[in-house]
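Asks: sequence-free structure coming up:
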């Protein structure tokens, strides 16, 4: 059974930084993509950032230049480095894993984490 466990959320002032982590366990993956989504109160869940099997990265426009996604293949872990946080970044952040790491762009996979709250105070 695949499990994704997120950590690193919290409360931060506007302009501050946080790093989210998501570790996958339960099986091995040969070629996979991982990504981050977020859901603010009253809004739909939206894509934030993704990294495919080849290491290519993708971002939604609102976080480009502020957020960076990286991965550690040995640990099957993905990180989201968030800088210059804004109040509109406040949301529950979810990790996602797609067993297919090929292709251009990020395709949502079947596996989700439980979510971690990020709150940015203005």
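Replies: Ah, there it is. This one's a predicted model, so the numbers in the text were calculated from it and none came from an experiment.

Asks: are we agreed that residue 74 is in a helix?
Replies: Yes. Counting by DSSP: H, G, I helix; E, B strand; the rest coil, residue 74 falls inside a helix.

Asks: what ranges in the protein fall below the confidence cut-off?
Replies: Within the chain, not a single segment meets pLDDT under 70.

Asks: now do the strands in it.
Replies: With DSSP state E, the ranges of strands along the chain come out as 3-7, 10-13, 18-25, 33-39, 46-51, 57-59, 67-72, 77-82, 91-98, 111-112, 116-121.

Asks: nearest to residue 104, of those strands?
Replies: Closest approach to residue 104 among the strands of the chain (CB to CB): strand 57-59, 8.7 Å. To be clear about C-beta, it is placed using only N, CA and C from the backbone, and glycine gets the same treatment.

Asks: for residue 105, which of the strands of the chain is the nearest?
Replies: When the strands of the chain are compared (using CB to CB), the closest one is strand 57-59, at 5.8 Å.

Asks: name the strands paired with that closest one and say parallel or antiparallel.
Replies: Using DSSP bridges, strand 57-59 pairs in its sheet with strand 46-51 (antiparallel).

Asks: now the angle from the strand it pairs with to strand 18-25?
Replies: 70 degrees (axes from the mean of the first three to the mean of the last three CA atoms, to 10 degrees).

Asks: quick one: residue 87 and residue 13 touch, right?
Replies: No. Counting by CB atoms under 8 Å, residue 13 is not a contact partner of residue 87; they are 9.8 Å apart.

Asks: what do those two both touch?
Replies: Common neighbours of residue 87 and residue 13, counting by CB atoms under 8 Å, 6 or more residues apart in numbering, are 120, 121.

Asks: identify the bridge partners of the residue nearest to the spatial centre of the chain.
Replies: For the chain, the residue nearest the mean C-alpha position is residue 36 (2.3 Å; CA atoms, centre = their mean). Counting by DSSP bridges, residue 36 forms beta bridges with residue 49, residue 95.

Asks: give the contact list for it.
Replies: By CB under 8 Å, 6+ apart, the neighbours of residue 36 are 20, 22, 48, 49, 50, 69, 78, 80, 93, 94, 95, 96.
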